[in-house]
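Colleague: Here is a sequence together with a model predicted from it:
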Amino acid sequence: MPITIRALAFVYISVLIVHLFARKEFIRLIGISDYNKLLYSYIFVLLVAALSPGYWIFLSILLIYIQIFLRKNPDLRISLFFMLIFAVPNFTLDIPGIFDIRFVMSMSYARFLILILLLPLLLSKRHKEYAPFGFLSTDIFVLAYILTNGILGFRDNTITNAIRELFMLYIDIYIPYFVISRYVVNSLELQKILSIFVFSICVLSVVSLLETSKSWHIYNEFSKHLQTSNNTPLYLIRSGMLRASTVFYTPIALGLVATIAFGASLYLVRHIKDYQSRLFILIVIFMGLVTSLSRGPWMGFVILILAHSYIHKTLLKDTFKYFIILVILIPFLSLTSYWNTFVSLLPIIGNVEIENITYRQQLLENALLVLQKYPIFGSPKFIDEPEMQQMVQGQGIVDIVNSYIRIMLTTGIVGLILFVSIFISILISAYKIIIAYMMTDKDKFELGSTLVAILVSTLFIISTVSSIGYIPYLYWIFTGLIGAYVIMNRYLLKI
């Protein structure tokens, strides 16, 4: 059996497991007709990725399929986007240029979906009537951040390349944020989107268990088959176990998306009647988090729970409850052969790969020294500074394992302030609505508190990893979802 087909079979088995154990509840949350259409689309994309002889043929077939799908289901654009966005790795190849232009732009799988599914919505007039640009203060910060990066991109760069990078920033940031914030218009639609997202991450979580048990990055075979193997994750071993990554370039990204999905599940379980389905979803997503073997997402998971509890005003109660459960379980867990391995992997008290923590500390110290040289707008050549060259690793690269540090070094304090302001502004607006609903509408309160907790934990986790691959799409997508939540409720509250 060809190895790509074998990989496809493992992914299909994972889809089947999720379908069998949680089908009834996902059908109830999504709707039987839409669930079936989206599931078949998911399966089809995997099949085409495994059988297409090349990346451009894969995109061509996908383009034809999506156009046919949308003719019959024009209202499922955003639903289809959330179903397919993490179906396969974020394949990337450059579109060849003509004349003296080396290439037109990098066309990633995620960028392709944004252009095909979301851009047409942006070009329509509906959002202008519902919530035009500037309705949220976050809109201004998003645009300012993009323009700042775009203008600074002309430093030590060709005009052609600077324009190209600005265009890609617009596609990757503005379109998903703005479209999602305007076209998810009520709580039921938002609940449906979260359900679709959780389904896709349940599948990846099952695959992650197979990856760790087989010591095999299953989705790598799709990338190699389509000749985009430059995007494949490395085989990282921790305590003798493969760190699963599934469709993501790094295990931390898997841990991040599992944390987000678990947060979304905290809201969805209130609407799931079947106890076994509820338990299956929570456990399988949690196992996806565990198999990433990533301390940053594990700490982010704790922050997710704490943020969720704080908003509910049950922080002390929940903390005490979890502490009692832990005290009860520790004597039994300590008798197993896995206990010492588990403890060694924990943040702060663990002793596995301590050098990674030391590297992160030194990276921050050296980055602050470089910032003193270029405090306002950073430098496009920060990597050539002596302080950064001290951080060169065995692979011959400087691994900027902190999204905020990279933003700070490339765009300075101005860029970092704009970036952080995007999230602070939307969190403040959402929190006001949550507080207003605390005593009047339990479901909208739960929905809002879940979205806020997700974004807070995400903002922590990206401090432990570079914003590469799918990672930036995650926080722009969920910023858009929170924006949708604010807009759909702001008329009522008049805040």
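Modeller: Looks like it arrived, so ask away. On a predicted model such as this, the values are computed, not experimentally measured, just so you know.
Colleague: Can you pull out the low-pLDDT segments for the stretch 151-300 of the chain?
Modeller: 229-231 (pLDDT under 70).
Colleague: wait, what's in contact with Gly415?
Modeller: 145, 148-149, 152, 377-378, 407-408 (CB atoms under 8 Å, 6 or more residues apart in numbering). C-beta coordinates here come from the backbone N, C-alpha and C atoms, glycine included.
Colleague: Let's see which of those end up in helices.
Modeller: When DSSP state H is applied, the contacts of Gly415 are split such that 145, 148-149, 152, 407-408 fall in helices.
Colleague: thinking again about what came up before, can I get the contacts of Gly415 in CSV with distance to Val414?
Modeller: As requested, the contacts of Gly415 are exported to CSV (distance: CB to CB, whole Å):
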residue, distance to Val414
Tyr145, 10
Thr148, 6
Asn149, 10
Leu152, 9
Phe377, 6
Gly378, 8
Ile407, 10
Met408, 10
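Colleague: wait, which of these is closest to Ala367?
Modeller: Of all the contacts of Gly415, Met408 has the smallest distance to Ala367: 6.8 Å, by CB to CB.
Colleague: Can you verify my assumption that the closest one contacts Val370?
Modeller: No - in this structure, Met408 is not within contact of Val370 by CB atoms under 8 Å, at 9.0 Å.
Colleague: ok, the two, which is more surrounded?
Modeller: Neighbour tally, Met408 and Val370, criterion other CB atoms under 10 Å: the higher count belongs to Met408, 24 against 20.
Colleague: list the contacts for the more buried one?
Modeller: Counting by CB under 8 Å, 6+ apart, Met408 has contacts 367, 371, 378, 415-416.
Colleague: Next, give me the two most distant ones among the residues you listed.
Modeller: Checking the contacts of Met408 with CB to CB, the most distant pair is Ala367 and Gly415, at 13.6 Å.
Colleague: Quick check: Trp56 vs Met107, distance?
Modeller: 9 Å (CB to CB, to the nearest Å).
Colleague: shared neighbours of the two, which are they?
Modeller: Joint contacts of Trp56 and Met107 (CB under 8 Å, 6+ apart) are Leu93.
Colleague: Between the two, which has more neighbouring residues?
Modeller: Met107 (19 against 14).
Colleague: Could you check the pLDDT of that one?
Modeller: pLDDT for Met107: 93.
Colleague: Can you classify it as helix, strand or coil?
Modeller: strand (DSSP: H, G, I helix; E, B strand; the rest coil).
Colleague: And the pLDDT at the nearest residue to it once chain neighbours are set aside?
Modeller: The spatially closest residue to Met107, leaving aside those adjacent along the chain, is Ile95, at 5.3 Å (CB to CB, 6 or more residues apart in numbering). If you check Ile95, the pLDDT there is 83.
Colleague: which residues does Ile95 contact?
Modeller: 103-107.
Colleague: Give me the ChimeraX select line for these, limited to the buried ones.
Modeller: In ChimeraX syntax, the buried subset of the contacts of Ile95 is picked out as below (16 or more other CB atoms under 10 Å):
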select :107
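Colleague: Going by contacts, tell me the helices and strands next to the helix or strand containing Leu59.
Modeller: Assigned by DSSP states H and E, Leu59 belongs to helix 55-72. Counting by 3 or more CB pairs under 8 Å, 6 or more residues apart in numbering; DSSP states H and E, the packing neighbours recorded for helix 55-72 are helix 32-51, helix 77-84, helix 109-113.
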